[in-house]
Each structure stands twice: as C-alpha cells, then as structure tokens.
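# just a sequence and a predicted model for now, questions to come.
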Amino acid sequence: MGHESLPDATWTSTSGPSRRPRARLFGWIAAAAVAGVLATLPYEQSITLSAESVLLPWPALLVASLVHLALVLLCASIGMRLGPTLGLGAPDLIAWVERQPHAGSKLGRAIRRGLLWGAAAGIVTTMLGAAAEAILPLPEELHAASWSPWHGLLGAFGAGINEELIFRLGVMTLFARLLSLLVRRLPPPPALIWTANALAALGFGFAHLPILEVLTEVNHLTVGLVLAGNGLVGLLFGWLYWRSGLVAAMAAHFATDLVLKALVPLLLPL
Amino acid sequence: MDQPATRAILLGSGTPHADPDRCGPAVAIVAGGELYLFDCGPGIVRRAAAACRAGATELEAVRLQRLFLTHLHSDHTAGLPDLLLTPWVLGRRAPLEVWGPPGTAAMLSHIQEAYRADIRLRLEGREPANETGWQARPHEIATGRVYEDAQVAIDAFPVRHGPAPAFGYRIAGRERSIVISGDTAPTDEIVSQSLGCDLLFHEVYSRAGFARQPADWQAYHREMHTASDELADLASRACPGLLVLYHQLFWGESEEGLIAELRGGYGARIASGRDLDVY
C-alpha cells in the first residue's frame, strides 16, 4: 500500500479519531449561521420598511440578530447531540469533514436532490397560491411588500441555513427523541420520525405567521393558508433531512425560497 | 435446565495476542430471539457459526445485524470487515447497524472502500447477491440510552481507556441485566453501572504477570486496563451476580492463578470466560 493512501494525521492524533473534525464542523455551522443571519437582514428590513415605512433601529436589529443566532446555535447543538442515535443529525457533514470516502460526491448528490425538490416545491407553491387567490375570498394585501431580487436571494440563503438548523436539526430531532422516550424505541421507527417531522413542520408554519400580520389581514383563511403552505414544504424538508441529510434539506429550502422570494418577484412583478 | 430469556454467549475472550483458542473480544447477547453483538474481534463470524451449530440459532450468519462497539482499537474491530461482508455473501439482506464512538462511520466507509472491488464484483457479476446486505448504518453515540426495543434497553457509559472515546454498555433485559466493560482502567462509573447487575463481563490482567512486563508496558497497562486486585475491589463494591473475566491478559499465569489473584479480595462468584461459554 502506498503512503499516499494512508489516512491523514487526524485519524491517528492523540485527541481521538474524530473530535477535531467535529469541533471544526460546529465552528463552520456557527460561521454559516452568522452568515445566514447577516444575509437575512436586507430582506427583513425590506419587509419592515414596506409595512412600517421605517427601518428597525440598529440596536434593536443587533439584539434581534443575536437572539436569532443564539437560537440557531442552541438548536444545532441539540441536533448534533441527539441526532446520531436517532438516525438524524448531520452525518453527511461529519463524513465530509472527516474526509470519508466519496463523502464529497454524496454531498453533491444530496445538494442536487434538494435543489430539484425545493425548486419543484417553490413552483407548485406559487401555482397553488395563484389558484387560491383566484378561487378564495382572500383580503387585499395591506402593504405592497417590495424587495429586490438580490434581497430575496440573500433571504433564501439565510433561511435555507438557519431555519433548517432550527426546525429540522433542532426541533424535529428533539421531537423524535421525546417521542422515542415516550414509546421506548430507539432508534425510533419511521412512523415516529414522520410524527416528529409533522410537529416540526407545524412549528415551521406557526413561525411564519408573524409575517402574515405584516403583509395582509389576519383571518382564518389566511392563517390556514400560511400554516398549510409552510407546513407542507416543511414536511418535504423534514423528509429530505431524514432520508438525504441536513444539507439536502438546506438546499431544498434555499431553492423553494429562491423561487418565492427572488424569481417570482423578478419574473412576475406585482 | 431452562435457559434464561436473556443470555450471553462469549464469542471471543481474547486480547491482541494471537491465541488460537481465544478469538478477539466479542460478546453476543440473546434476548427474546433477538441478537445484539458487542465488539467484533477477529474470528467473530466463525465463532458465531460455532455457537449456532451448538444450538444458538439466533447467531445464524444472516441474523448478525446489530453491533455495538466499545471502542475502535483493532483487537475489538478487526472482525468488522468479516461481519459486514460474510453474512451478506451468505444472504443477509439487512444493512449492518453499528453503534460506536465517533470514528465508527469513518471506519465503516473506509472498509467499504477497501472492499469496493469485491462488492462491485458480487453485485455486478454472476454471483447471486442482494443489493442491501453489504451496507452499514453507523450510529455514532455519546453516553446514555443508545438503543431500546421490546427486549432490551442499552445504555453506554464512559470508560477510561486512553484519550479517544470509549464506552462500556449496560444491557437491561426483561429479567437480567448485563454489563460489559470493554477495555478500561477501573472507575467509579463502572461500579455504579454494575451495581447489582446479574452478569459483569470485565477485562482483567494478572498482577503477577504484570510484574514481569517491561516498564513501558507496565505504564501503559496501569493507565488503560484493570489489574486483578483492582477488579476484585471493583467487584466487591458492585456486587454482580456473576463476574465473568474476559479479555484476560495472563502473561504466563494460569486461569486458576488469575482467579486466585482475584480471590484475594473478592469472595463471590467468578468465571474465567472462554470462547463459546454461555451465561
């Protein structure tokens, strides 16, 4: 066997086989979360400006961003701690930082899969939204929300990272663990993973209600549509997280939001 | 005599020494017809076949599906390629589920990569082979509950065996509890995990043999493993129903001599484990 095929020094270090890659992975997740928070700011400020005609003062923005970041990191920690025994977590990313054979190509396939599913979900959601507007007695938009496609792109990037770290890696994993404790099965059977996915997707839907208040009238119909729409795409992201890994869910979320927040406003302006 | 519903079969009681009578460390727990393997030292698949031939049909090759690793040292994992591939060649369809410390997934993927040509030949050649049995599902664990089903609940606890993560396991069956130390120096954690258990499988080295070892090996074993007198003290505090010695480092001492060393500080039931012993 040639020397070049030997594992790199990380494998034989006295700090253990893979502690340093994991610490490095969490560092990267934290860096991505910071980038995600920063990327979301222009989009969120555009929404606030549309609704309130003023920008959020920077001290309030700073505090909100720090709280957001803390929540993301807490959820990521929970998911990375609980995920491995549940068949969840971020094994795809761990494999990549550990330089496991074919980890890069597997990650590439997961990203492509996520992008395809996410783009499809974005297109279907847009079509269903248009159909709902045509069929249902929806209220007029109170505020003509406007943001540049660039803000939409950045918002999609930030949401793809941070909302998946919160709702899939954190919340869905936590629900899966709680349910497995309840029924005393570890790893949890598929029905339990689906239940955890549904609960996380519901939470994901509720988390999108505040923006409804900013944009339009809140009534049973609009609340139901927001919960259903976000809940269904949340289910899709959860399924991808479970079956194809966290990065696939992130890619799908990014692609869905890219369609909804950047491409639709760009191609179909109000 | 009726067998207990949860029983342990010592598949390998050995150490890195190439003792032809002792395969590498491996313990099979059978509960309610289900099988749970702990460590896979060299020889595990053939020892499992021998146990199956002796009547433990749960250890049929195609049923070797769940493995829990205490740590990743080669004497505890050198049977992993065999356990991954041989049962598949013999017809196992389920992927091998492997619980272990961080690094387990990397080890499995590198094994699969090493055997890539063989796997491809079997999948694409004329030999009948299913498409799933060669795969592995790693679960990289921390301490706490790592597995639970209708038959057993399995908890991992930390042991002291060098800088890399290493675990012992406590297996709670319906009517028996079993603790497997893996490789470790004595710790209070093992005592608390073993309190009142029915079976304690614990590694041990002979204190008399230790005295004859070179200084550097003495320093290593003092820090990483458990001497007979230390185990006697540990067992006295834990009070297991039966203390089973495994991974015994005799260093020229006999089994009787090793047990005599323990008898100096521990008067309850002891068995010096041998391959294929059933408890």
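Structure's in. What do you need?
# just the C-alpha atoms of the helix or strand encompassing B:Ile119, please, in CSV.
Per DSSP states H and E: B:Ile119 is located in helix B:116-124. These are the backbone C-alpha positions of helix B:116-124, laid out as CSV (Å, rounded to 0.1, in the frame of the first residue of the first chain):
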residue,chain,number,x,y,z
ARG,B,116,-15.1,-1.9,-3.2
ALA,B,117,-13.8,-4.1,-6.0
ASP,B,118,-15.2,-7.2,-4.2
ILE,B,119,-18.5,-5.6,-3.5
ARG,B,120,-18.8,-4.5,-7.1
LEU,B,121,-17.9,-7.9,-8.5
ARG,B,122,-20.5,-9.6,-6.3
LEU,B,123,-23.2,-7.0,-7.2
GLU,B,124,-22.5,-6.9,-10.9
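# so how far is the host helix or strand of A:Pro210 from its chain's centroid?
Using DSSP H and E, A:Pro210 maps to helix A:209-215. Averaged C-alpha coordinates place helix A:209-215 at 19 Å from its chain's average position (C-alpha atoms, centre = their mean, to the nearest Å).
# CA atoms only for it, dumped as PDB, please.
What follows is helix A:209-215, C-alpha atoms only, in PDB (Å, rounded to 0.1, in the frame of the first residue of the first chain):
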ATOM      1  CA  LEU A 209     -47.400  33.700  10.900                       C
ATOM      2  CA  PRO A 210     -45.900  37.000  12.100                       C
ATOM      3  CA  ILE A 211     -45.000  38.000   8.500                       C
ATOM      4  CA  LEU A 212     -48.700  37.400   7.600                       C
ATOM      5  CA  GLU A 213     -49.600  40.200  10.100                       C
ATOM      6  CA  VAL A 214     -47.200  42.500   8.400                       C
ATOM      7  CA  LEU A 215     -48.400  41.800   4.900                       C
END
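# so which elements touch whichever helix or strand comes after it?
Later in the chain than helix A:209-215, the nearest helix or strand by DSSP H and E is helix A:220-244. If you count contacts as 3 or more C-beta pairs under 8 Å, 6 or more residues apart in numbering or on different chains; DSSP states H and E, helix A:220-244 packs onto helix A:103-135, helix A:190-207, helix A:209-215, helix A:246-257. For glycine as for every other residue, the C-beta is placed from the backbone atoms N, C-alpha and C.
# up against chain A, what does the stretch 1-150 of chain B have?
For the stretch 1-150 of chain B, the residues in contact with chain A (C-beta under 8 Å from any C-beta of the partner chain) are B:72, B:99, B:101-103, B:105-106, B:109-110, B:112-113, B:137-142, B:145-149.
# so which of those residues belong to strands?
B:Trp99, B:Arg137, B:Pro138, B:His139, B:Glu140, B:Arg145, B:Val146, B:Tyr147, B:Glu148 (DSSP state E).
# coming back round to it: show me what the helix holding A:Pro210 is packed against.
Under the contact definition 3+ C-beta pairs under 8 Å, 6+ apart, helix A:209-215 sits against helix A:19-52, helix A:220-244.
# can I get those helices in JSON lines including mean neighbour count and mean pLDDT?
Listed next are the helices and strands packed on helix A:209-215 as JSON lines, based on neighbours: other C-beta atoms under 10 Å in any protein chain shown; pLDDT from 0 to 100:
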{"stretch": "helix A:19-52", "mean neighbour count": "17", "mean pLDDT": "87"}
{"stretch": "helix A:220-244", "mean neighbour count": "20", "mean pLDDT": "95"}
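# nearest to B:Asp19, out of those helices?
Of all those, helix A:19-52 sits nearest to B:Asp19, with 33.1 Å by C-beta to C-beta.
# quick check: phi and psi on whichever residue of chain B sits closest to chain A?
Nearest residue of chain B to chain A: B:Gly103, at 3.1 Å (C-beta to the nearest C-beta). The phi/psi pair for B:Gly103 (degrees, to the nearest 10) reads phi 110, psi -20.
# if the residue of the stretch 151-270 of chain A found nearest chain B is in a bridge, with which residues?
Residue nearest to chain B within the stretch 151-270 of chain A: A:Leu186 (4.3 Å; C-beta to the nearest C-beta). Going by DSSP bridges, A:Leu186 is paired in beta bridges with B:Glu148.
# host element of residue 67?
Looking at chain A here, since you left the chain open. For A:Val67, the host element (DSSP H and E) is helix A:58-86.
# that's the wrong chain, I wanted chain B
Counting by DSSP H and E, B:Leu67 is found in strand B:66-68.
# isn't B:Ala114 up against B:Pro81?
Yes. Counting by C-beta atoms under 8 Å, B:Pro81 is a contact partner of B:Ala114 at 7.4 Å.
# now for A:Gly160: which residues touch it?
With contact taken as C-beta atoms under 8 Å, 6 or more residues apart in numbering or on different chains, A:Gly160 is in contact with A:Gly36, A:Met250, A:Ala251, A:His253, A:Phe254, A:Asp257.
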